[in-house]
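**Q** Any chance you could fold what I've pasted below:
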Amino acid sequence: MKKILLTLAVFTAFCSPLKAQVLFTYGGKAVSQQEFMTSFNKNNTDTSNRLKALENYRDLYIRFRLKVQAAYELRMDTLSNQKTDLKGFEEQIRPLYMLDQQTLDALIASAHEHSQKEVSVKHLFIAFNNLKLNSGNDTLYTLSEQELARKKAASIKAALLSGEDFEKLIITNSDDPETARTRGYIGYITAFSLPHAFENAIYALKDWAVSDPIETANGIHFFQRMHTRDAHGKTTIAQVLIAKSEDATAEEMRQRKLLADSIHALATAGVSFDSLVMKYSDDMSSAPKGGIIEDIQVGKYDPLFEELVMRLKKDGEIAPVLSTDLGFHIIKRISNQPIEQSLSNAAPALKELILQDDRKAIAAEAFINKNIGKNGLTANTANKEAYVAKHLEKFNPAYGAQIKDFKDGNLLFEIMDKKVWGKASTDLEGLKKFHASRATQYKWKQSVYAFTITAENKQTALAIREAFEKDRSVEQIKKMYSEVSFVDSGRYEAGELLGVGAENAKSGFLTPVYTNISDESASFIIVANVFKDPSIKTFEEARGSAINDYQQYLEDLWIASLKKKYPVVLNLQTWKTLVAGLH
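**A** Now for the predicted structure:
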């Protein structure tokens, strides 16, 4: 019930009743047709009978507005927990409403375009010399150091224009400590592999072209776009890693390589890869998961490792042994997820990546710049971002609507807990009287007495089930498997039990083993006895259902009193117009 009420509250759109037709009033407060229909269209899931759904939602929405009004009258919005929740929510969503949507859409489209291709890249880096001007944490560079680096960059650019080989320039000029080993090669990249400025510069180049110098806080960068290929997407692998230490001797390296080769031979011969991982792998992060490493794509790992993974064309294919700084890798492809080619399908995931990326600042800056001259924001405003954040409801009305929706939804929970949920749970005497007055409503449907055996995994559950089939003794299960399983029992309606139902409500029936995907535990059910008498449930047996019914009873009484306090008046003409628009 709480989830339904939250959905109703969060998606209610704010609309001034003065600017739209009034659909209904409650205690003199007006709700517009537009506000109601916006909420209905976002929450209604019944497409079979739209008129009936509209009528039902109208009643639900009236109840919602009455409850929230009652919460405001009780000044629940001044409670400390309400203020804390509201402040936290404001801080959480404020940055999302300070982004220019047009710019954000352009960034999504650009990221999607880049994601379709992978490009190999070489890199030349000219570092500033880290000379500090103060003792603070921020590193500042002298103008002379920056100028020296810029002159060096200018000479490199001139050399490139005269036809000098970029790799030679990297070897003689780059301050990247890895240059001696990599010769500037950083492998293939795709969208989000590098900071946005670097990515944009690289994708703007043609193959073999070199970028203009790009200056950052640490130094100056040149990039060469080499080869371009279609994106491979994301690949999931399993690996056995035979680690090597940094100071390993030649003999130790030879022994590790021999071990890796023997494991590779076993894997290609069909030996279970999981068992090889369990026995040999030194990768402590992947070994407990069967060696699985998910979603490998370019720009995330060692280029040699990525390239080997990308060469695997079939699920189950095993790559040759690979040597890296970490050790020797035996890699098996598990699956591949192709890159999403549809922009509309890819957009939600790309948006989430952008919101966690440096390019988010581009949309934020565009939002501020587009609002200069509005609501008192000028080009000379000292801290434009802080000013906009303080007056965000004026700059982006949708932010104000979202805040109002959250506030109303939170108040709804607060007052429902006070008036309905809490009372129904704690008023034991009232609940018992309620049950007693309706005891005949709580009858057992076809019911059974059953045992539920839950084990830590499917393999254990199957072994216990097999043991039970041999001796048919639950007591033996409790005795032999108490450390790896839990046995629960009770009377249940057959239809409530997974795998039982009316057709299997027979003494001695045994369900299959079912796995709980959330924690990988597994269970099965043993039907011990079938009850023929549709008897009335005791209070304890009916307690769960009675609480639900008691909550509804209390809520209905409360709503009746609220309608007296805040009389509801439906504008029939507006309602008829609204209904006519459905056809």
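**Q** drop to CA atoms for contacts and neighbour counts, all remaining ones
**A** Noted.
**Q** Gln402: neighbouring residues, count only.
**A** 22 (other CA atoms under 10 Å).
**Q** In a strand, it, correct?
**A** No. Applying DSSP: H, G, I helix; E, B strand; the rest coil, one finds Gln402 to be helix, outside a strand.
**Q** any idea how far Thr25 is from Thr38?
**A** According to CA to CA, to the nearest Å, Thr25 stands 17 Å off from Thr38.
**Q** Give me the more crowded residue out of the two.
**A** Between Thr25 and Thr38, Thr25 has the larger neighbour count (other CA under 10 Å), namely 18 against 15.
**Q** in a strand, that's where that one is, yeah?
**A** Yes. Per three-state DSSP, Thr25 lies within a strand segment.
**Q** Test my guess that it contacts Val569.
**A** Yes. Thr25 lies in contact with Val569 (CA atoms under 8 Å); the separation is 5.3 Å.
**Q** any low-confidence regions in the protein?
**A** 1-20, 130-143, 583 (pLDDT under 70).
**Q** got the domain boundaries for it?
**A** Domains of the chain are assigned by automatic domain parsing as 99-103+342-395, 117-230, 234-337, 444-531.
**Q** what distance separates the shortest one from the centre of its chain?
**A** With CA atoms, centre = their mean, to the nearest Å as the basis, the distance from the averaged C-alpha position of domain 99-103+342-395 to the chain average is 23 Å.
**Q** for the last one, same thing?
**A** If you compare the mean C-alpha spot of domain 444-531 with that of the full chain, they lie 34 Å apart, counting by CA atoms, centre = their mean.
**Q** And it, end to end?
**A** Distance between the two ends of domain 444-531: 9 Å, counting by CA to CA.
**Q** Likewise for the shortest one?
**A** Distances were taken as CA to CA; on that basis the terminal residues of domain 99-103+342-395 are 11 Å apart.
**Q** give me the number of residues near Glu475?
**A** There are 11 residues near Glu475, going by other CA under 10 Å.
**Q** And it, how far from Phe468?
**A** 10 Å.
**Q** Name the nearest residue to Thr179, ignoring sequence neighbours.
**A** Leaving aside its sequence neighbours, Thr179 sits nearest to Ile171 (CA to CA, 6 or more residues apart in numbering; 6.6 Å).
**Q** The one you found and Glu215: what is the separation?
**A** Distance from Ile171 to Glu215, counting by CA to CA: 20 Å.
**Q** Likewise for Phe198?
**A** Here Phe198 is placed at a distance of 10 Å from Glu215 (CA to CA).
**Q** Which secondary structure element is home to Thr454?
**A** Element membership of Thr454, judged by DSSP states H and E, is strand 447-455.
**Q** Same question for Met226.
**A** Secondary structure (DSSP H and E) places Met226 in strand 219-230.
**Q** I'd like the next helix or strand past that strand.
**A** Past strand 219-230, the next helix or strand by DSSP H and E is strand 234-243.
**Q** Name every strand pairing with that next one and say which way it goes.
**A** Sheet pairing of strand 234-243 (DSSP bridges) gives strand 292-296 (antiparallel), strand 327-337 (antiparallel).
**Q** so of those strands, which one's packed in deepest?
**A** Greatest average neighbour count among those goes to strand 327-337 (a mean of 21), per mean count of other CA atoms under 10 Å.
**Q** outside of that one, which residues touch it?
**A** 233-245, 256-257, 260, 263-264, 309, 312, 314-323 (CA atoms under 8 Å, 6 or more residues apart in numbering).
**Q** Which of the residues you listed are buried, as a ChimeraX select command?
**A** Only the buried entries of the contacts of strand 327-337 go into this ChimeraX selection, using 16 or more other CA atoms under 10 Å:
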select :233,234,235,236,237,238,239,240,241,242,243,244,256,257,260,263,264,309,312,316,317,318,319,321,322,323
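**Q** Now do the same contact list for Leu160.
**A** Leu160 touches Phe166, counting by CA under 8 Å, 6+ apart.
**Q** now Arg225
**A** By CA under 8 Å, 6+ apart, Arg225 lies in contact with Val119, Ser120, Val121, Lys122, Ile202, Tyr203, Leu205, Lys206, Asp207, Trp208, Ala209, Val210.
**Q** Neighbour count and secondary structure for these - can I get that in CSV?
**A** Shown next, in CSV, are these (neighbours: other CA atoms under 10 Å; DSSP: H, G, I helix; E, B strand; the rest coil):
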residue, neighbour count, secondary structure
Val119, 23, strand
Ser120, 22, strand
Val121, 21, strand
Lys122, 21, strand
Ile202, 26, helix
Tyr203, 20, helix
Leu205, 15, coil
Lys206, 14, coil
Asp207, 16, coil
Trp208, 16, coil
Ala209, 15, coil
Val210, 22, strand
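**Q** coming back round to it: got CSV for the domains of the chain, with distance to Gln34 too?
**A** Shown next, in CSV, are those (distance: least, CA to CA, whole Å):
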stretch, distance to Gln34
domain 99-103+342-395, 20
domain 117-230, 41
domain 234-337, 43
domain 444-531, 41
